[in-house]
Every structure is written in structure tokens, then in C-alpha cells.
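Peer 1: quick one, structure for this:
(chains A and B)
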Amino acid sequence: MIRVKNLTVSFGGKTAVNGIDFEINKGEIVGVVGESGSGKSVTALSIMGLLSDEADICGGDVYFEETALLENGRKAEDSVYRTFRGNMISMIFQEPMTSLNPTKRVGAQVAEMLRLHTDTHKDEIRGRVCETFLSVGLKDPDELYDKYPHELSGGMRQRVMIAMGIICKPALIIADEPTTALDVTVQNQIIALLKRICSENTIGLLFITHDLNLAKRICNRVLVMKDGIIVEQGATKDIFEDPRNEYTKRLIEAVPSRIHKKDRGKPGKENVLSVSELNVFYRDGGNSLFSGKSLRHIIKDVSFEIKRGEILGLVGESGCGKTTLSKAVLGLNKNYTGKVEHFSEYPQMIFQDPYSSLNPTKTVGWLLMEPLRAKADQKPGVRYSAEDIRSAAYDMLKKVELSEDTFRKYPAQLSGGQRQRVSIGQALITHPSLVIADEPVSALDVTIQAQIMELMLKLKEDMALSYLFISHDINVVYQMCDRIMVMKSGEIVETGDTREIYESPREEYTRLLLAES
Amino acid sequence: MKIRGILKNKYLLTGAGMTFIILFAALLSVFWTPYSTTAMSISERFAAPSPRHLFGTDNFGRDIFSRVMCGIGSTVLISFMIVAISATAGILIGAFTGYFGGILDEIVMRITDAINGFPSILLALVVISILGPGRHNLIVSLGIAFVPSYVRIVRGEFIRLRDADYIMRAKLMGVSKLRILFVHILPNIFSTFWVSVMIGFNNGILAESGMSYLGIGVQPPDATLGNMLSDAQGYLTRAPWYAIAPGLTIVWIVLGFSIFSEGVRREAERKGQYDKG
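Peer 2: Just a heads-up that it's a prediction; the model follows:
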């Protein structure tokens, strides 16, 4: 149905996509997997003719059935694209938050597709939209029609996006990481929905993802991309069970699974943290003078402790209070009751997003030295000479396996994985006993993810650390943690040894979470 | 990449060039002007621009080119002082209110709202009517009048950044509050702040010209671009060059600074310290 031949796209002389060939047949689900920067999205955008002006299409053809959308690197007329976009090919984006217009009612936004691409009569439009809402599993479509995007949950927004994508009965849907921004349970529903819709209406689907597990579950065929080249393509089963290419093998191995888990030494006896009957509140409306001071009860009666050398996992879906809990434990949120006892100095935190957790105006060296300067300021007894601090920073660089010239670089010059290493270094340089890691690998590519997890485990041994490891990724938690707490709406529903929880979960909710991936 | 790089440099180069000419003229005027700025010559009243008098002469037969050269100096200096006062106050007030919030923030913001309720020129007029006219009072009054605009910008940026992950982390390290404010956060608002400083600089030039035009700024016989414009208005039909020369100079300065500031902003962005996301 759609054929892509020898497509090459570059940005300012740097090749992003280098001569790729593939086709998608009617009703087929084709996955494109690869790490960030591999050219997945660029491929999708060039099929849609939506590349920005900076992109330079150097060559290649894209045919949709008999129509050329791109021939010898020359784009078809805009009018050709317009009849195709939305009508024959539609696109679903990653972020349902930003791809819907916040000022327009969702019904009207979906209806606009019909108005632009079909000559459906005005009176029928609303009916058609509501029908589509129903078919993507949205309840009460009539009520939903008049709502604004901010009134919907992430999952509902993504369903609206899908409704928008299928309402004109296209032949092909391009979905660019459609579930990455969603929780696991919601993610699953959306995947099932996409699969059902495609088979019911024989719609082809180009499914772009960095998550190999997802591709495995939904796709008929998979393309593996690296540095703008398709390194391997074939039926999903063949690729996953018998990968030929070296890179594909590495990619599949890097995915955290529940199969291999190394045995580790037992954690010590003494506590580094003990929390009892902790209740945390969140103040609504910021700290303005006139807004009401209503407190929302986020964390309800949570008690736990962490032993020296232990990795305690905290899992749960977004909004269940994981981050709120960690902030209260660290004393960044003072609105709590209950007892938090630290048996060590300077607990530190590693954040999820390596792009926002490093001050962009400072060099890596400055960032690594700052915790020591702060420590020297706090304690009158502690004195470090400038030379001590500098050499400690260089030591830390070595420990997190970064080269020495990183010292003078700015965070913007580093990759995501390198930044996360700096972030870890910054947290560890004061030798804390406890580190709270809030989704430390969720924003990273799989191969980088594996490296960072390994680094964290190595440093744990070297520096006698304990981690409170927060994650939504069940498999990552399985790999990392000695013990697991499952959290739901601010309450701990289940705690136990990692293996026990995975093999025989007691709670229904835990079972649901585990079944997801 | 390449084309964009050149474009960026173009902003910086053009702006710097235009500004340099202005500053050079101002500096030169301290040591040398073609004619004395106060030397009158009855026989040469309202001489049209010629090689002898590049910009012509005014109603007292003074050389307009020389007076513009001196005028640039006072105008730019006054504007610089205005920005220095208002930006410094703006950073201090905005940083504290934005970061700490609470009742202090509420009070300060209502005061700035009240100040914003008046046109800033009008406010400066009130201050001057209390302090009396003159160069220093002009600087102080306009400096105060421009504070609220900086407070708003700085405060907004501090509110945006106070919950950033890297600030949370600085708190965890136990970095002192003052250091968080001025070492950790302040450099991050540079690109936003720089734009408002440059706009403020241009506003300062225009405001000084306006005040001097009203006769309450720098007093004659000292030349500023504003009071030259003010003098010229009576002779607009007889000697149009009298108004055109200082007028175009103001346009030139403002334009030069605007282009220059745009260039600096782009350069900072390119350096990668201020990446998006």
C-alpha cells in the first residue's frame, strides 16, 4: 500500500535517515524500533510531508498506492498532501497534552477533520463524532463532545486523538510513540484498542516506539533502525527469537526482563531510614495570600524502613504519590505528620529527567564541586581546600565513568546518559548513605538504561549505599531491587521480597500491574 | 547551521557597529567637537546642512553636529544610569518576592500594580515635581518609574525556576538561600532578563528625550537629544534639519541597541547554555 524507497533525509549536512526501504501492506502493523536519534520520527514525518524547513530531503521515493508523494527527492504539491493527510493517512503523536488545542472543545476538534476532508452534512457531524468516540472506547460521547482537553485524563486524550485519526477512515495510521506518556495500565488499553481498530477496519499502522516489549506485542513486522539505517527487518517473531544483526541482539538483551537476575549479598541489619505513620499533605493553590489554604491528603499512613545496603523499590502509577512521598522523606515538603528518621547524613536524590536536573548555566565541574562547597558552609568543623574539592570532583568523574574533559563541559553538550551520570555523581559526592532515585532510568534509551542501572549497582557496592528506587517500570524494579513496596492512591498496598511479590502477589492491584508488561 | 550562524553574526555585527559609532562619537565629544557646543554666531543662524556645518545650525547659530555629539553622551549615560538603578532594584525585589512568595510577595506586587497604574512618564513627573528638575533627579525619577517592569519579569522567572529539579537538588545539598537565589537561579534568567534590559535601555533614551522635551530634564545650555528636539519644535518649518538631526540620532541609537541585543541573545542561545527543554 505504501512504499518507501531509498529515502534519505539530512539536517544541515548531518544525515538523519540514510537510504531506507520498506513497505506497509493493507491492514498490516509495522513497528519501527530504535533509540533516540535513530531517525524513526524523521521517517514518519517525511511520509506525511511534515518535515521542518531545515530538513533536506536528499533523495528517495514515497508512493501511496499509485500516487507519488515523493519522487526522486522532490515533494509532491501541497494540494496532493492535503488530500492525503487526515483523509488517507493520519497521525497520532506522543503527547496528547500538546497535540490537542487547549482552547477548543474536543468534539469540535474531531469534527473539524470531517468538515475538512469529507462533505458530511452539518447535521450528521455530531452523530458521526459520537459514534467514533464510542468505537474508541470513550463513554458518554455526547457529554464528552463539549468538554475541553484539560478536563480529560491522559488516556482519554489519547483516545480522542485516535478518534481523530480514524474518523475519516484512513488507510494508514502513523503512530509516533502513542503510549509513551501514559501509565502502564492505560498503555495496555490503548495498545489493545489500536490493534482492534486496525484489524476491524483493515487499517495499516506504522508504529514507532523505543519500547521493544510494546513492538513485540502489537506488530506483525518490525524494522530496527540505527543511525538512520534499517539494520534489520522481518516478522516480529523472527526478529525477537532469532535476531541476525549484532545491534538488534544488543537491543533485545538490554531490555530489562524478569529472566536473569543476579543474586546479591544480603543487606545489613541497621536502618538508614525509618518512616512511621507518615501522612503527607499538599497545599492547593500555591502560596498566594487570598487563595484558600486547603490541604489535600496525598500520602496516607505509610510506614517502612530501609536497611543499610538495601535497594527498596517503590512502584505505582503516576499520581499515586511516589514523588510526594520522596519529597517528604527528604524534607522538601514540610506538610506532613508522622515520623521520618534518618540514621545517616545528607540523603540525596537522583531525578528522572537528566535535562532538567542539572543547572544549564554551570559546567560539570562546578556542578560536582558545589555539594562539597555547600557542605563546608554548613558545618563549621568541615574544611576543604579548593584543591581537595577539585580532586574529589575528578575522582567522582572517574567513578561515574566519564572522561576528564567532561569537567569543563556544559550539560547541554552532553547526551542524556552522560547527564544522568553527572547527576549521579553530584548526588554521591558527599558520600550519603541513602539516595532516593526517582525514575532514574525512565527517560533513557534501553541500552543506556542498562548501563546506568549497572553503574548504580556498582556504586552501591563501592560506596555502601542504600537506594529508595522509584519506578513505574516493573521489569527495571525487578532487576534492581531487594524489596518492593506497591503504592496505590497514597497507600502502600503490598510490601515484600522482590521474588515473592513477583511470583505470588497477594493483592489484585499488584497482579494487575505485573500482568501489564 | 551555517546560514543561521552567519545570520546570527549579522545581528551582532550590525548592532555592534551601529552602537560603536554612537559610543565613539560620544567619547570623542568629551575631547573634541568641530565647534564649541555653546559658541553662538548671529550671522550663521539657521544655516542649512553644508560641508561647513554637517547638520546645519540652530536658532543661536550653534553647530548642530557638535551638539548632537555631546547630546549622545548625556542621553546614553542617563539612560544607562536609569537602567542600572531600575534593573538592580528589579532583580533584588523580584528575586526575593518570586522565590519566597507569601505575604511579602503579595504586598510588593500590589504596590507595583499601583505604580503600573500610572504611565511611567507621569510617575517620573510627580517625582521630579517633588525633587525639582535637573539631571540627577531625572535619573532617579525615571529609575524608580521603571522598577516595576523588571520586578514582574524577574519575579516570574524566579517562580518558574524555584521548583526546578536542579534547585530542589541545591536545597538538598544545603546550599544557602542567598546562594541559590543569585548563583544558582540568576544566571538562568539571563536570556529573558537581557531582552528586558535592552528594551529598558531604549525606553530610557526615549523617556529622557521626552522629559527634556518637556523642559524638566537636563537644563540648557547643556545639550541632550531630548532638549534639542524640544528647542527645534518652534522652527520645524524654518529649519527642519534642527529637529531631524537629533531625531534620526535617537532612531539610530535605539535601532542599534535593539539589533545588538538580539544578536547577543542569539549568541547566548547558540552557545547551548540556554537550550530548550
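Peer 1: only C-alpha atoms for contact and neighbour calcs from this point on.
Peer 2: Noted.
Peer 1: below-threshold pLDDT in chain A: ranges please.
Peer 2: A:96, A:257-265, A:284-293, A:516-517 (pLDDT under 70).
Peer 1: get me the contact residues on it for chain B.
Peer 2: Contact residues (Cα under 8 Å from any Cα of the partner chain) of chain A with chain B: A:12, A:287-289, A:330, A:332, A:346-349, A:351, A:355-361, A:371, A:374-375, A:377-378, A:410-413.
Peer 1: list buried residues within these.
Peer 2: Neighbour-count burial (16 or more other Cα atoms under 10 Å in any protein chain shown) is assigned, among the residues of chain A next to chain B, to A:287, A:330, A:346-349, A:351, A:355-361, A:371, A:374-375, A:377, A:410-413.
Peer 1: in strands only, show me the residues you listed.
Peer 2: Of these, the ones assigned to strands by DSSP state E are A:348-349.
Peer 1: the closest residue to residue A:429 other than its chain neighbours: neighbour count?
Peer 2: Spatial nearest neighbour of residue A:429, chain neighbours left out: residue A:396 (6.6 Å); criterion: Cα to Cα, 6 or more residues apart in numbering or on different chains. By the criterion of other Cα atoms under 10 Å in any protein chain shown, residue A:396 has 22 neighbours.
Peer 1: next: residue B:179.
Peer 2: 13.
Peer 1: give me the most central residue, chain B.
Peer 2: By Cα atoms, centre = their mean, chain B has its centre lying nearest to residue B:201, at 1.6 Å.
Peer 1: okay, and it sits in which element?
Peer 2: Element membership of residue B:201, judged by DSSP states H and E, is helix B:190-213.
Peer 1: picking up where we left off before, in a strand, the residue nearest to residue A:429, correct?
Peer 2: No. Counting by DSSP: H, G, I helix; E, B strand; the rest coil, residue A:396 falls outside a strand, being helix.
Peer 1: from residue A:462, how far out is it?
Peer 2: Distance of residue A:396 to residue A:462, computed by Cα to Cα, to the nearest Å: 12 Å.
Peer 1: again, but for residue A:156
Peer 2: Per Cα to Cα, residue A:156 is found 46 Å from residue A:462.
Peer 1: which of these two has more residues huddled nearby?
Peer 2: Ranked by neighbour count (other Cα under 10 Å), residue A:156 and residue A:462 place residue A:156 first, with 20 against 10.
Peer 1: name the nearest residue to the more buried one, ignoring sequence neighbours.
Peer 2: Residue A:156 sits nearest to residue A:138 (Cα to Cα, 6+ apart), 7.2 Å away.
Peer 1: same check, this time on residue B:191
Peer 2: Nearest one to residue B:191, counting by Cα to Cα, 6+ apart, is residue B:265 at 6.0 Å.
Peer 1: where's that neighbour, which helix or strand?
Peer 2: helix B:240-270.
Peer 1: need the three-state assignment for residue 103.
Peer 2: As the question left the chain open, I've gone with chain A. Going by three-state DSSP: residue A:103 is coil.
Peer 1: could you measure from the residue of the stretch 1-150 of chain A found nearest chain B over to residue A:53?
Peer 2: Across the stretch 1-150 of chain A, no residue is closer to chain B than residue A:12, which sits at 5.6 Å (Cα to the nearest Cα). Noted for residue A:12: a distance of 10 Å to residue A:53, by Cα to Cα.
Peer 1: then residue A:416?
Peer 2: Separation of residue A:416 from residue A:53 (Cα to Cα) stands at 26 Å.
Peer 1: higher neighbour count, those two?
Peer 2: Taking other Cα under 10 Å, residue A:416 and residue A:53 do not tie; residue A:416 has more neighbours (19 against 8).
Peer 1: count of residues packed around the residue nearest to the more buried one when sequence neighbours are not counted?
Peer 2: In space, and not counting its chain neighbours, residue A:416 is closest to residue A:354: 6.1 Å by Cα to Cα, 6+ apart. Neighbours of residue A:354 under the rule other Cα under 10 Å: 25.
Peer 1: which strands or helices does the helix holding residue B:265 pack on?
Peer 2: With contacts taken as 3 or more Cα pairs under 8 Å, 6 or more residues apart in numbering or on different chains; DSSP states H and E, helix B:240-270 sits against helix B:2-31, helix B:64-100, helix B:190-213, helix B:225-232.
Peer 1: chain center to the helix or strand following the second one, what's the gap?
Peer 2: Using DSSP H and E, the helix or strand that follows helix B:64-100 towards the C-terminus is helix B:102-116. For helix B:102-116, the gap between its own C-alpha mean and the chain's C-alpha mean amounts to 24 Å (Cα atoms, centre = their mean, to the nearest Å).
Peer 1: buried set for the following helix or strand past helix B:102-116?
Peer 2: Using DSSP H and E, the helix or strand that directly follows helix B:102-116 along the chain is helix B:120-131. Going by neighbour count (16+ other Cα under 10 Å), the buried part of helix B:120-131 is B:120-121, B:123-125, B:127-128.
Peer 1: kindly report the same for stretch B:28-35.
Peer 2: For stretch B:28-35, the neighbour count (16+ other Cα under 10 Å) marks B:29, B:33 as buried.
Peer 1: got the contact list for that stretch?
Peer 2: B:63, B:65-66, B:69-70, B:73 (Cα atoms under 8 Å, 6 or more residues apart in numbering or on different chains).
Peer 1: low-confidence ranges, the stretch 151-277 of chain B, go.
Peer 2: B:268-277.
Peer 1: give me the residue from the stretch 101-250 of chain A nearest chain B.
Peer 2: residue A:181 (16.1 Å).
Peer 1: ok, that residue - contacts?
Peer 2: Contacts of residue A:181 (Cα under 8 Å, 6+ apart): A:94-95, A:154.
Peer 1: give me the buried entries from the residues you listed.
Peer 2: A:94-95, A:154.
Peer 1: wait, isn't the residue nearest to residue A:429 in contact with residue A:423?
Peer 2: No. The pair residue A:396 / residue A:423 is not scored as a contact, 10.9 Å apart, by Cα atoms under 8 Å.
Peer 1: for the residue lying closest to residue A:118 once chain neighbours are set aside, helix, strand, or coil?
Peer 2: Here the nearest residue to residue A:118 in space, its sequence neighbours aside, is residue A:168; by Cα to Cα, 6+ apart that works out to 7.5 Å. Three-state call for residue A:168 (three-state DSSP): coil.
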